[in-house]
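1. Sequence and predicted model, in that order:
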Amino acid sequence: MERKQCYGCGKVKDISEYYERGSKYDCRCKACRQLVTKKWRERNPDKVEAYVAQNRANARRHYKEKLKGTRAYRDRHNEEQKRVRMKHPKRWKTRHNFCMAVYRGKIKRGACVICDKPNAEGHHPDYDKPFEVIWLCHRHHCDLHIGELEVVI
């Protein structure tokens, strides 16, 4: 077995204790690398937050695109949709009726009320009124749901 000395702790460890970096191995063992990373994250919370926000959407989209064609993905997606319908029947029915009205051309998609981007998503502030929506682009709709945005009706 190949062995290597860690730059962080100075101990000689088996090569399996190091992360691979391309065709080489990291200069610190896994334990030391995790410690360095943890300290860096504590010192730079603003950079960590920016990185996470930037890559969250890309990671989800990439993962869904990767699995979308598989049978397992379809089965899992169908089960998830069934759980949502059972847990929130009123919300599901409102969304379904609204989507069908858009699909059939009874309702035309509007522009985002904030940035004026065309083909916005309809946000339902009240599920008792299925055709009264606030038109928001995907970005502003997500911001609204995570609490970073407040839209006054």
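-> Looks like it arrived, so ask away.
2. can you pull out the helices in the protein?
-> Applying DSSP state H to the chain gives helices spanning 30-43, 45-67, 71-87, 89-103, 138-145.
3. I'd like these as a markdown table, with mean neighbour count, distance to His123 and mean pLDDT appended.
-> To be clear about C-beta, it is placed using only N, CA and C from the backbone, and glycine gets the same treatment. Compiled in a markdown table, these are given as follows (neighbours: other C-beta atoms under 10 Å; distance: least, C-beta to C-beta, whole Å; pLDDT from 0 to 100):
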| stretch | mean neighbour count | distance to His123 | mean pLDDT |
| --- | --- | --- | --- |
| helix 30-43 | 13 | 34 | 91 |
| helix 45-67 | 11 | 18 | 79 |
| helix 71-87 | 11 | 17 | 86 |
| helix 89-103 | 13 | 10 | 92 |
| helix 138-145 | 16 | 6 | 87 |
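4. Let's have the ones you listed in a markdown table, adding distance to Asp14.
-> As requested, the helices of the chain are exported to a markdown table (distance: least, C-beta to C-beta, whole Å):
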| stretch | distance to Asp14 |
| --- | --- |
| helix 30-43 | 11 |
| helix 45-67 | 31 |
| helix 71-87 | 36 |
| helix 89-103 | 53 |
| helix 138-145 | 45 |
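5. Compare these and report which one is nearest to Cys115.
-> helix 138-145 (6.7 Å; C-beta to C-beta).
6. other SSEs contacting the closest one?
-> strand 121-123 (3 or more C-beta pairs under 8 Å, 6 or more residues apart in numbering; DSSP states H and E).
7. again, only this time at 6 Å
-> Secondary-structure packing of helix 138-145 (3 or more C-beta pairs under 6 Å, 6 or more residues apart in numbering; DSSP states H and E): no helix or strand packs against it.
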